[in-house]
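K.L.:
no sequence for this one, just the structure:
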């Protein structure tokens, strides 16, 4: 349990910054969905879909490569310098070419009247790619507090300028000539992107003192080795992003537009806005997976080679599943409250939330199962697995979205992720054999399904009665997990240790 506690504590610290930051960011969702129209929020969803996809391309697996080589490379400064300079070169080239071709890209994406959208995001992508290694270095050096502070500064900056540009600036422009000269009401959602750009630049500035402390020691040989390891992760990462974000693209491309709709593009953006807003309700599952990923990379790479590593790996899988299922049930049971984080105009899409939540849980399980090919220098297998998932995603979206709308997107993701998880698991057992506690894992999964079924029959009950029933069901799940894992004993030990420390 010692190593598990270490992972849990690091997940908590990284998670604290992510949870607080995401919650602060999350408070912008009810703001956006009440200030902007559905089609405008659809624009936000679409643009950030492209950003997430391109970010994988611009970092080309160097972050994971950095963690892997930090285990074997003695000269840490050379490793950091080589990784950073590589990203500096590629990010600079991307920004230069991107800004030059911004008008062409805007025409291609139907944003010819908003070329500055493209320009903002090109700079955001380049800067965020550049700071990915400095953030990774903080994790590698086990500096979660500094990591958390930097992340929170970034997020708070983004939130402040969102509020300034969208909420305060219009009022200031009415009273003062100076603010009126800088405010343009036609920009609208463009101010969201500008706020993100300012926050990204602030993060880069915060790392400047660290850059000057590192001795420049670029190694072409080391870079070649890192690229050989990391580039397969680029391919698998791009395929993974197709799995995760092709649903947004497919709504824009394959959605059937009812007859009589005056503006098909606006209709598709409205549907995309509904889907994107409801996807935000799954944020707590996403947060948990993200917190775990921040801690898991350095944790597993540093513990590789220990005699109990396989047992440790199996236990982490089990606890990840159990806690993920708890979050799934928690959000579904209290969806009556979570729905207020988005505007009432978007509530038509609440029915898609359960599938989105389950999909995010599967992503977390795939992530941890994929460690076998990262640890064994077999990243080429990741390409095969993710490409298979991409093919499934594309086929199901193309076939089903015209028939089933955005519900097909979530369904396709779940089929894709489940297939990938099974392939990764059975393939990985040959390279990282573990004695999984299948009995407990199957118990938790079946129990979660059984406890989820009653939600279909409580919809007509009063809110008070519905919440009471759901709370009892959630308590049953927690009780079964605690009893099966004997966690009450561990909890008593922690309480006893805390009391002794106070004395």
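P.N.:
Yes, it's here. It should be emphasised that the depicted structure is a prediction, and the values quoted were computed from it without experimental measurement.

K.L.:
Please tell me how far residue 265 sits from residue 109.
P.N.:
Look at residue 265 and residue 109: by C-beta to C-beta, to the nearest Å, they are 11 Å apart. Bear in mind the C-beta positions are built from the backbone N, C-alpha and C, glycine included.

K.L.:
swap that for residue 139, sorry
P.N.:
34 Å.

K.L.:
higher neighbour count, these two?
P.N.:
Ranked by neighbour count (other C-beta atoms under 10 Å), residue 139 and residue 109 place residue 139 first, with 22 against 15.

K.L.:
Next one: the more buried one relative to residue 322, how far apart?
P.N.:
25 Å.

K.L.:
And residue 91, by the same measure?
P.N.:
Residue 91 is 40 Å from residue 322, by C-beta to C-beta.

K.L.:
quick one: which of these two has more around it?
P.N.:
Applying other C-beta under 10 Å to residue 91 and residue 322 shows that residue 322 carries more neighbours, namely 24 against 21.

K.L.:
thinking that one is in contact with residue 481, fair?
P.N.:
Yes: the pair residue 322 / residue 481 is scored as a contact, 5.3 Å apart, by C-beta atoms under 8 Å.

K.L.:
so what sits against both of the two?
P.N.:
residue 444 (C-beta atoms under 8 Å, 6 or more residues apart in numbering).

K.L.:
What helices and strands are in contact with the helix or strand hosting residue 472?
P.N.:
Per DSSP states H and E: residue 472 is located in helix 463-485. If you count contacts as 3 or more C-beta pairs under 8 Å, 6 or more residues apart in numbering; DSSP states H and E, helix 463-485 packs onto helix 309-333, helix 335-338, helix 438-452, helix 487-502.

K.L.:
So what touches that helix?
P.N.:
Here helix 463-485 makes contact (C-beta under 8 Å, 6+ apart) with 322, 325-326, 329-330, 333-334, 336, 440, 443-444, 447-448, 451, 454-455, 458-459, 461, 487-488, 491.

K.L.:
what does stretch 359-373 give?
P.N.:
244, 282, 285-286, 288-289, 292-293, 296, 300, 313, 316-317, 320-321, 324-325, 327-328, 378-382, 385, 410, 413-414, 417-418, 420-421, 424-425, 428, 431-432.

K.L.:
Which ones among the residues you listed lie within helices?
P.N.:
Mapping these onto helices (DSSP state H) picks out 244, 285-286, 288-289, 292-293, 296, 300, 313, 316-317, 320-321, 324-325, 327-328, 380-382, 385, 410, 413-414, 417-418, 420-421, 424-425, 428, 431.

K.L.:
Buried members of those residues into PyMOL, please.
P.N.:
Applied in PyMOL, the following selects the buried portion of the ones in helices among the contacts of stretch 359-373 according to 16 or more other C-beta atoms under 10 Å:
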select buried, resi 244+285+286+288+289+292+293+296+300+313+316+317+320+321+324+325+327+328+381+382+385+410+413+414+417+418+420+421+424+428
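
K.L.:
one step back: how about the helix holding residue 472: buried residues?
P.N.:
Buried, per 16+ other C-beta under 10 Å, within helix 463-485: 466, 467, 469, 470, 473, 474, 477, 480, 481, 485.

K.L.:
Out of these, the closest to residue 201 would be?
P.N.:
Comparing these against residue 201 with C-beta to C-beta places residue 474 closest, at 43.0 Å.

K.L.:
While we're on the closest one, how confident is the model there?
P.N.:
Looking at residue 474, its pLDDT stands at 95.

K.L.:
now it: how far from residue 358?
P.N.:
Counting by C-beta to C-beta, the gap from residue 474 to residue 358 is 17 Å.

K.L.:
Same check on residue 452?
P.N.:
Residue 452 is 10 Å from residue 358, by C-beta to C-beta.

K.L.:
circling back: give me the ChimeraX select line for the contacts of helix 463-485, limited to the buried ones.
P.N.:
Entered in ChimeraX, the line below selects the buried ones among the contacts of helix 463-485, by 16+ other C-beta under 10 Å:
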select :322,325,326,329,330,333,440,444,447,448,451,455,458
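
K.L.:
Verify the stated contact: residue 277 with residue 33.
P.N.:
Yes: Residue 277 is in contact with residue 33 according to C-beta under 8 Å; the separation is 5.3 Å.

K.L.:
overlap in contacts of those two?
P.N.:
41, 342, 343, 346.

K.L.:
Could you pull out the helices in the stretch 51-200 of the chain for me?
P.N.:
62-70, 76-100, 102-108, 115-140, 144-162, 169-175, 177-182, 190-213 (DSSP state H, counting those that start in this stretch).

K.L.:
closest one to residue 233 among these?
P.N.:
Here helix 62-70 is closest among the helices of the stretch 51-200 of the chain (C-beta to C-beta), at 5.5 Å.

K.L.:
Just the pLDDT for the nearest residue to residue 150 once chain neighbours are set aside.
P.N.:
Sequence neighbours aside, residue 206 is the residue nearest to residue 150 in space, at 5.6 Å (criterion: C-beta to C-beta, 6 or more residues apart in numbering). Looking at residue 206, its pLDDT reads 93.

K.L.:
Next one: residue 206 from residue 465, what distance?
P.N.:
For residue 206, the distance to residue 465 (C-beta to C-beta) stands at 50 Å.

K.L.:
ok, now residue 102?
P.N.:
56 Å.

K.L.:
Under the pLDDT cut-off, which ranges of the stretch 351-500 of the chain? List them.
P.N.:
For the stretch 351-500 of the chain, the stretches with pLDDT under 70 are 487-500.

K.L.:
mind running it again at 50?
P.N.:
Residue ranges of the stretch 351-500 of the chain with pLDDT under 50: 490-492, 494-495, 497-500.

K.L.:
What's the local residue count around residue 350?
P.N.:
Residue 350: 16 neighbours (other C-beta under 10 Å).

K.L.:
is it true that it touches residue 335?
P.N.:
Yes: with contact defined as C-beta under 8 Å, residue 350 and residue 335 form a contacting pair (6.6 Å).

K.L.:
Need the overlap of contacts for these two.
P.N.:
Common neighbours of residue 350 and residue 335 (C-beta under 8 Å, 6+ apart) are residue 281.

K.L.:
For the closest residue to residue 433 other than its chain neighbours, give me its contacts.
P.N.:
Using C-beta to C-beta, 6+ apart and skipping the chain neighbours, the partner closest in space to residue 433 is residue 310 (6.7 Å). By C-beta under 8 Å, 6+ apart, residue 310 lies in contact with 432, 433, 434, 435.
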